[in-house]
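Trainee: this one's sequence-less:
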């Protein structure tokens, strides 16, 4: 997913991965959560996070 984000938005994008526990998988953009596995009950589909980030631009 990191590679997909950098491919779409360039290497200047900062992507931080934080090791969590209990299956947490959240994606935040500028401090705002844009995806939560806990809320969606699934992992994001390919391209889904890139689409959400692009929609916020």
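Mentor: Received, thanks. Computed from a predicted model, the values in this text were never measured in an experiment.

Trainee: ok, the residue located most distally from the centre of the chain to residue 42 distance?
Mentor: Relative to the mean C-alpha coordinate of the chain, counting by Cα atoms, centre = their mean, the farthest residue is residue 22 (17.8 Å). According to Cβ to Cβ, to the nearest Å, residue 22 and residue 42 sit 16 Å apart. Where C-beta positions appear, they are placed from N, C-alpha and C, glycine not excepted.

Trainee: in the chain, which spans are helices?
Mentor: Here the chain has its helices, by DSSP state H, at 2-9, 37-40, 48-55.

Trainee: next, the angle from the last one to helix 2-9.
Mentor: Between the axes of helix 48-55 and helix 2-9, defined by axes from the mean of the first three to the mean of the last three Cα atoms, to 10 degrees, the angle is 30 degrees.

Trainee: what helices and strands are in contact with helix 48-55?
Mentor: Judged by 3 or more Cβ pairs under 8 Å, 6 or more residues apart in numbering; DSSP states H and E, helix 48-55 is in contact with helix 2-9, strand 26-29, strand 32-36.

Trainee: what does that helix rub up against?
Mentor: 1, 4-5, 8-9, 27, 29, 34-35 (Cβ atoms under 8 Å, 6 or more residues apart in numbering).

Trainee: again, 6 Å this time
Mentor: 4, 8, 27, 29, 34 (Cβ atoms under 6 Å, 6 or more residues apart in numbering).

Trainee: neighbour count, distance to residue 51 and pLDDT for the residues you listed - can I get that in a markdown table?
Mentor: A markdown table is the format used below for the contacts of helix 48-55 (neighbours: other Cβ atoms under 10 Å; distance: Cβ to Cβ, whole Å; pLDDT from 0 to 100):
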| residue | neighbour count | distance to residue 51 | pLDDT |
| --- | --- | --- | --- |
| 4 | 13 | 11 | 88 |
| 8 | 14 | 9 | 88 |
| 27 | 18 | 12 | 88 |
| 29 | 14 | 12 | 85 |
| 34 | 16 | 10 | 89 |
